[in-house]
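**Student:** fold the following.
(one chain, ligands or ions: 2)
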Amino acid sequence: MKNFEKYERTYFMPPAVSYDWVKKDHIDKPPIWCSVDLRDGNQSLIEPMSLEEKLEFFRLLVKIGFREIEVGFPAASDTEYNFIRALIENNMIPEDVTIQVLTQARAHIIKKTFEAIAGAPHAVIHLYNSTSVAQREQVFRKGKEEIKQIAVDGAKLLKQLADETVGNFSFQYSPESFPGTEVDYALEICNAVLDVWKPTPPNKVIINLPTTVENAMPHVFACQVEFMNKNLKYRDAVILCLHPHNDRGCGVCDAEFGMLAGAERIEGTLFGNGERTGNVDIITLAMNLFSHGINPQLDFSNMPEICQKYEELTRMQVPARQPYAGELVFTAFSGSHQDAIAKGMNYRKEKQTATWSVPYLPIDPKDVGRQYDSDVIRINSQSGKGGIGYILRQHYGMTIPAQMKEEVGYTVKEVSDREHKELSPQSVYQIFEDKYINNNAHFYVDKCRFKQIDGILAQVVVHHNGQVRTIVGNGNGRLDAVSNAIKQYFGMQYELSVYEEHALSRGSSSKAVSYVGISCHNKMYWGVGIDDDIIKSSINALVVAVNRLAAIHGEGKCRDERMNEIMNYIETNYLTVTLDRLSTQMHLSSPYLSKYIKEKSGGTFGEIVRNVRMKKACILLKNGAMTVENIADSVGYPNVEHFNRLFRKKFGMTPDQFRNKKQLQQG
Ligand SMILES: CC(=O)SCCNC(=O)CCNC(=O)[C@H](O)C(C)(C)COP(=O)(O)OP(=O)(O)OC[C@H]1O[C@@H](n2cnc3c(N)ncnc32)[C@H](O)[C@@H]1OP(=O)(O)O
Ligand SMILES: CC(C)C(=O)C(=O)O
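**Tutor:** Ligands and ions are numbered 1, 2, ... in the order given. Coordinates of the predicted model:
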């Protein structure tokens, strides 16, 4: 980047640096909070709030628990002025709330301010003037003494008008642009103002140190605050306040370090609204305390409502990543985070832990009015089985078996990846239902009857490719018996490996959900059934799993059809077929295929192939056009002697004798 040479550090370290604040590792009580939403927040809006909007915002701040609220800059506009008058004249300021107004150190502005504030039950008049080198040189073109005089004159006028005006007033002074001011000079001005006001412990004043434009690292600010804290006059009668801005993105840090350095009061706004990059976000500060087990004395338990009101009234937006408040701040899309959160939540339930320690969630989202269901785990292509399982459990009451989670996880996230979008819980369930619950195949079980014979005997009425059949099987339980009947019918070899069930309590009625995992050739096939009846739900689950195995491995055909396919393949490929090739073609393992062929045909694979070759040889012999040597070669026996031997063994005659016999018969 070019042009960096034109910048230089414009801050000042204090003449004495003590670093006492560094030795503290926590803040043990909340500061006095002062909201400046209706002044600093409002003055930075594209369209400042109307009187009604300011009133509504004021009510919101009171509801949250602010007891000190800077309500405006009365000399700025009629709206500001009328708003303050409305608050006072309509007795809208709760007894325990102090309003605050801001004024420049200019006589007519101060006078207008007192006009606006007359009759206030308790108000802070906040006086400011800029004290920085840049403002002294460029804006005011005045020396240090003259700038100090502006503050002193303003302070005097405040004191005078406070005495002359009906109401109950206290004072605040800000050396505006404090970060660009020599710290000892800022101290000098503040002490000069204090000498005018002569505060006492029962009549305290506020000295406010703003980072009007944040220009240094937070520890520099903390050192400046510590210096002021230690050197201000009337210290026991002064409330030391901070007003951090966020130009370097460190507003929260400035405030926290500043509190360690002795500040007792913080001015800021909701969501950090305010000039340029904003004021310090009071919500973050308060919730940071909350997350350390300290009651911040502000109530953010209904954050969604606060966000909505704030957006409505200011026409600003709460960013999705805004600490404690943004839409996504409790959301995990990524698999490992989801997994840990889901496990953490479970652990919490299991152990009934009193303190919060769920990984990846600095606070319990429920404490700020957010929902576990919709806010915490959301699904996209970065998600994992833990999160997807969590969604199915939280939203649909389904606790899928541990062994099934991975497959379900990949199934769901693959859809998100392909479609390049987040999946709602409904979409997740739809994908799950389509794959594991709905049975779209041509095989299903209609009815089952069970008898106690040899364990359990199942008589199962099945529909398969439009035909209805009754099949039977024995087993040591009902599901096992049905499974054996189905295996027998299809000639399938699988293990009934996983069976889990539980009551499904979500939705209108309580049903049973069953999960069945069958394994074949080291692969699992899953099905899920839901029914009022636990047996039916488990059989439905089994049928889906079987259909999935059948669809993938081509085993969804009855045994006769299967054998026909095998025979057709051998007949067409009799010269090249091997057991391995056939097993690949038929999607069956070689041992299972051999066993199946033996069972079905009574012969081995080798015998079947040999029979086919001999059959082909007979056709060629009958035809009479080729020599025996050529025929032997063309049916896969290059060694004619070997062919002759096999032929004689099968038909009890040589190939020549066979040909002669056939020719005689034909003649
Ligand atoms: C850091 C902060 O946020 S401070 C608060 C800032 N907020 C606002 O300014 C919003 C409300 N302000 C306003 O509506 C207007 O500025 C008003 C009504 C207060 C005053 O308006 P104007 O009289 O037109 O004056 P303007 O604000 O432009 O100020 C310019 C003059 O005031 C002087 N001045 C500015 N701030 C101060 C101050 N705090 N104390 C004394 N003089 C000041 C300037 O040096 C300048 O003096 P000059 O006339 O000798 O050149
Ligand atoms: C008036 C002062 C406190 C101010 O808003 C600032 O310096 O940012």
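**Student:** contacting residues around A216?
**Tutor:** The contact partners of A216, taken as CB atoms under 8 Å, 6 or more residues apart in numbering, are 9, 11, 179, 248. No exception for glycine: its C-beta is placed from N, CA and C like everyone else's.
**Student:** was I right to think F58 contacts A86?
**Tutor:** No - here F58 lies out of contact with A86, judged by CB atoms under 8 Å, at a distance of 9.8 Å.
**Student:** re the thing from before, which one of the contacts of A216 has the most neighbours?
**Tutor:** The most neighbours of any of the contacts of A216, using other CB atoms under 10 Å, belong to P179, which has 25 neighbours.
**Student:** double-check that it belongs to a helix.
**Tutor:** Yes - counting by DSSP: H, G, I helix; E, B strand; the rest coil, P179 is located in a helix.
**Student:** quick one: it and ligand 2, what's the gap?
**Tutor:** 9 Å (CB to the nearest ligand atom, to the nearest Å).
**Student:** just checking, that residue touches V133?
**Tutor:** No - taking CB under 8 Å as the definition, P179 is not a contact partner of V133, at 10.7 Å.
**Student:** overlap of the contact sets of the two?
**Tutor:** Contact criterion CB under 8 Å, 6+ apart; residues shared by P179 and V133: T10.
**Student:** what comes up buried for stretch 361-377?
**Tutor:** Residues of stretch 361-377 classed as buried by neighbour count (16 or more other CB atoms under 10 Å): 361, 363, 365, 368, 370, 372, 375-377.
**Student:** tell me the average confidence for it?
**Tutor:** Mean pLDDT, computed over stretch 361-377, is 94.
**Student:** then stretch 425-433?
**Tutor:** Stretch 425-433 comes out at a mean pLDDT of 95.
**Student:** need the CA coordinates for the strand or helix carrying I147. PDB is fine.
**Tutor:** If you go by DSSP states H and E, I147 is part of helix 144-164. What follows is helix 144-164 as a C-alpha-only set of coordinates in PDB (Å, rounded to 0.1, in the frame of the first residue of the first chain):
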ATOM      1  CA  LYS A 144      -3.800  26.000  25.300                       C
ATOM      2  CA  GLU A 145      -4.900  28.700  27.800                       C
ATOM      3  CA  GLU A 146      -7.700  30.000  25.500                       C
ATOM      4  CA  ILE A 147      -9.000  26.500  25.000                       C
ATOM      5  CA  LYS A 148      -9.000  25.900  28.800                       C
ATOM      6  CA  GLN A 149     -10.800  29.200  29.200                       C
ATOM      7  CA  ILE A 150     -13.600  28.000  26.900                       C
ATOM      8  CA  ALA A 151     -14.100  25.000  29.200                       C
ATOM      9  CA  VAL A 152     -13.900  27.100  32.300                       C
ATOM     10  CA  ASP A 153     -16.300  29.800  31.000                       C
ATOM     11  CA  GLY A 154     -18.800  27.000  30.000                       C
ATOM     12  CA  ALA A 155     -18.500  25.400  33.400                       C
ATOM     13  CA  LYS A 156     -19.200  28.700  35.100                       C
ATOM     14  CA  LEU A 157     -22.300  29.300  32.900                       C
ATOM     15  CA  LEU A 158     -23.500  25.900  33.600                       C
ATOM     16  CA  LYS A 159     -23.200  26.500  37.400                       C
ATOM     17  CA  GLN A 160     -24.900  29.900  37.100                       C
ATOM     18  CA  LEU A 161     -27.800  28.600  35.000                       C
ATOM     19  CA  ALA A 162     -28.300  25.600  37.100                       C
ATOM     20  CA  ASP A 163     -28.800  27.900  40.100                       C
ATOM     21  CA  GLU A 164     -31.300  30.000  38.100                       C
END
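**Student:** hmm, that helix touching ligand 1?
**Tutor:** Yes - Helix 144-164 lies within reach of ligand 1 by CB under 6 Å from any ligand atom, at I150.
**Student:** and that helix, what does it pack against?
**Tutor:** Helix 144-164 sits against helix 107-117, strand 123-130, strand 169-176, helix 183-197, with contacts defined as 3 or more CB pairs under 8 Å, 6 or more residues apart in numbering; DSSP states H and E.
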